[in-house]
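A.B. asks: Using only what follows, build the 3D model:
(one chain, ligands or ions: 1)
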Amino acid sequence: MTKEFIRSIKGTQDILPDQSQRWQALETTIRNTMDTYGYGEIRTPAFERTELFASVGEGTDIVSKEMYSWTDQGGENLTLKPELTAPVVRSFIQNNLGGQSPMNKLYYIDALFRRERPQKGRYRQFHQFGIEAFGSEHPEMDAEVIALALAVFNDIGLEGLTLKLNSIGSSECRSNYRNTLRDFLKPHINDLSETSQNRFENNPLRILDTKAPHEIEILKNAPNISDSWTAEDKAHFEEVCFLLDTLGIQYSLASNLVRGLDYYTRTTFEITSTALGAQDAICGGGRYDGLVETLGGKPTPGIGFAAGMERILLALGDDDSSGNPTQVYIVGLGDGARPSVAKLAEDLRQNNIRTDFDPLRRSIKAQMREANKSGATIAVIIGDKELESGQAEIKDLKTGDQEPVKIKALVDHINSLTL
Ligand code: HAM
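C.D. replies: Below you'll find the model as predicted:
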């Protein structure tokens, strides 16, 4: 029986070669798009001080319930990163990036850890790509960030997406709205779930995120956050909308889109996919104009998003393109040919020809079967006879045609064929 520890942890998964090709294609699309939009890659450590995350989302599920945290042998409280905005802001401050340039546009592709209840599209180790742009508070930045997310999805071929857009205003607006919302909810407090009752005091905006039908019903008549916007919040949001219209980007207004982390100000957005089930958010993000300052840096506006890569691949559906097949398969006849087979394989590979041979020393019949299975276009057959004559037999695996070619001239010959 397989031992218990030969089983990956619940909510984590291996990405095997038949899948990694799809990941690489997605990563290539992301990197190319980031390059086009002028974003540079940032890589941060897998773990940070617990305090860093606690200071950006104390009232949130991610921070209060889902973090993988531990105290190390030196007594430091550490956490595997559950999201990347806080680490990127930490790095931005620590490396004084703001002092070196007024605009910093950063992107990442990384693994994250959240102890959530696993289900389709929701894992305990998952991957995100995302961006954080520091320096501009202006709506053209918001529009660029949203356009960039959509550009990646478009390039990779994702369809059936909806962009949901909201503004949760400045901190002044939110503080007013919190009171307005509490006043509205007070008469209904006993009808709210325990979670919402807990949120009522410390984070009432999160109640808007509820999935419970009876709470959604109550909230139908709730005051809208837009009623609490300041004049600047309103002007900012209207300009974001105007710019999205100008770029031809469609969106739907979602006044209850508050997002699950505490640092957001003004613009928040989410992109969902009709190809997914309950976990339909492909991407979420927004503005966080106060976060750099909260973490001890100079006041610097920021905006970003992160997108779940497992969800993107799920939404794309199965694709059985399993990468680039072998081009040449070398079949060795007899013990004497073995070094020549190894040497020829190396020569061809050095010339960027995808080559394989049979390291299991199987029969010729088995090797020919393997050659056909590998997807190779041609087989090169080498045995004692061929070594003596200095010629190998080249077999076209589609037509079955065979011809002798000088071993020394093989690279040139194969290069002259279109494989
Ligand atoms: P988030 O909404 O927590 O935002 O995560 C962004 C995306 O990550 C989600 O829309 C989803 O696609 C994916 N995701 C989240 N949790 C899981 C999970 N357990 N399994 C699989 N996929 C998951 C953030 O993380 C913010 N840091 C985004 C941001 C960047 N805001 C500003 N800048």
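A.B. asks: roughly how far apart are residue 137 and residue 267?
C.D. replies: 10 Å (CB to CB, to the nearest Å). C-betas here are computed from N, CA, C, even on glycine.
A.B. asks: which residues are contacting stretch 59-76?
C.D. replies: Counting by CB atoms under 8 Å, 6 or more residues apart in numbering, the neighbours of stretch 59-76 from elsewhere in the structure are 49-50, 53-54, 56-58, 77-80, 82-83, 113-116, 199, 202-203, 206, 260-262.
A.B. asks: Repeat the analysis, applying 7 Å as the threshold.
C.D. replies: Counting contacts by CB atoms under 7 Å, 6 or more residues apart in numbering, the residues outside stretch 59-76 that touch it are 49-50, 53-54, 57-58, 77-80, 82-83, 113-116, 202-203, 260-262.
A.B. asks: hang on, residue 218 packs against residue 191?
C.D. replies: Yes - contact status for residue 218 versus residue 191: in contact at 6.5 Å, counting by CB atoms under 7 Å.
A.B. asks: Name the residue in residue 137 and residue 267 with the higher neighbour count.
C.D. replies: When residue 137 and residue 267 are compared for neighbours, residue 267 comes out ahead with 27 against 17, by other CB atoms under 10 Å.
A.B. asks: Who is the more buried one paired with across the strands?
C.D. replies: residue 167 (DSSP bridges).
A.B. asks: so it makes contact with residue 142?
C.D. replies: Yes - distance between residue 267 and residue 142: 4.8 Å, which falls inside the contact criterion (CB under 7 Å).
A.B. asks: For residue 387, give its distance to residue 42.
C.D. replies: The span separating residue 387 from residue 42 equals 54 Å under the rule CB to CB.
A.B. asks: ok so, going back, give me the common contacts of residue 267 and residue 142.
C.D. replies: In terms of CB under 7 Å, 6+ apart, residue 267 and residue 142 are both contacted by the residues 240, 287, 303.
A.B. asks: pLDDT and distance to residue 164 for those residues - can I get that in CSV?
C.D. replies: Conversion of these to CSV gives the following (pLDDT from 0 to 100; distance: CB to CB, whole Å):
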residue, pLDDT, distance to residue 164
240, 98, 13
287, 97, 15
303, 98, 16
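A.B. asks: between these, which is nearest the ligand?
C.D. replies: Using CB to the nearest ligand atom, residue 303 comes nearest to the ligand of these, at 6.9 Å.
A.B. asks: Next one: that closest one from residue 145, what distance?
C.D. replies: Noted for residue 303: a distance of 5 Å to residue 145, by CB to CB.
A.B. asks: the more surrounded of the two?
C.D. replies: Remark: of residue 303 and residue 145, residue 303 carries more neighbours, 27 against 24, as counted by other CB under 10 Å.
A.B. asks: list the contacts for the more buried one?
C.D. replies: Under the criterion of CB under 7 Å, 6+ apart, the neighbours of residue 303 are 133, 141, 142, 145, 267, 286, 287, 288.
A.B. asks: And for residue 333?
C.D. replies: The contact partners of residue 333, taken as CB under 7 Å, 6+ apart, are 364, 381, 382, 383.
A.B. asks: which of those residues count as buried?
C.D. replies: For the contacts of residue 333, burial is judged from neighbour counts taken by 16 or more other CB atoms under 10 Å, and it is met by 381, 382, 383.
A.B. asks: In strands, which of the contacts of residue 333 appear?
C.D. replies: 381, 382, 383 (DSSP state E).
A.B. asks: State the mean pLDDT of stretch 331-342.
C.D. replies: Stretch 331-342 carries an average pLDDT of 93.
A.B. asks: again, but for stretch 123-133
C.D. replies: Stretch 123-133 comes out with an average pLDDT of 98.
A.B. asks: okay, it in PDB with CA atoms only?
C.D. replies: Provided in PDB are the C-alpha atoms of stretch 123-133 (Å, rounded to 0.1, in the frame of the first residue of the first chain):
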ATOM      1  CA  TYR A 123      -6.700  25.500  -3.800                       C
ATOM      2  CA  ARG A 124      -4.400  25.900  -0.900                       C
ATOM      3  CA  GLN A 125      -1.400  26.500  -3.100                       C
ATOM      4  CA  PHE A 126      -2.300  28.400  -6.200                       C
ATOM      5  CA  HIS A 127      -0.700  30.700  -8.700                       C
ATOM      6  CA  GLN A 128      -1.400  34.300  -9.600                       C
ATOM      7  CA  PHE A 129       0.000  36.700 -12.100                       C
ATOM      8  CA  GLY A 130      -0.500  40.300 -11.300                       C
ATOM      9  CA  ILE A 131       0.700  43.900 -11.400                       C
ATOM     10  CA  GLU A 132       1.200  46.700  -9.000                       C
ATOM     11  CA  ALA A 133       1.700  50.200 -10.400                       C
END
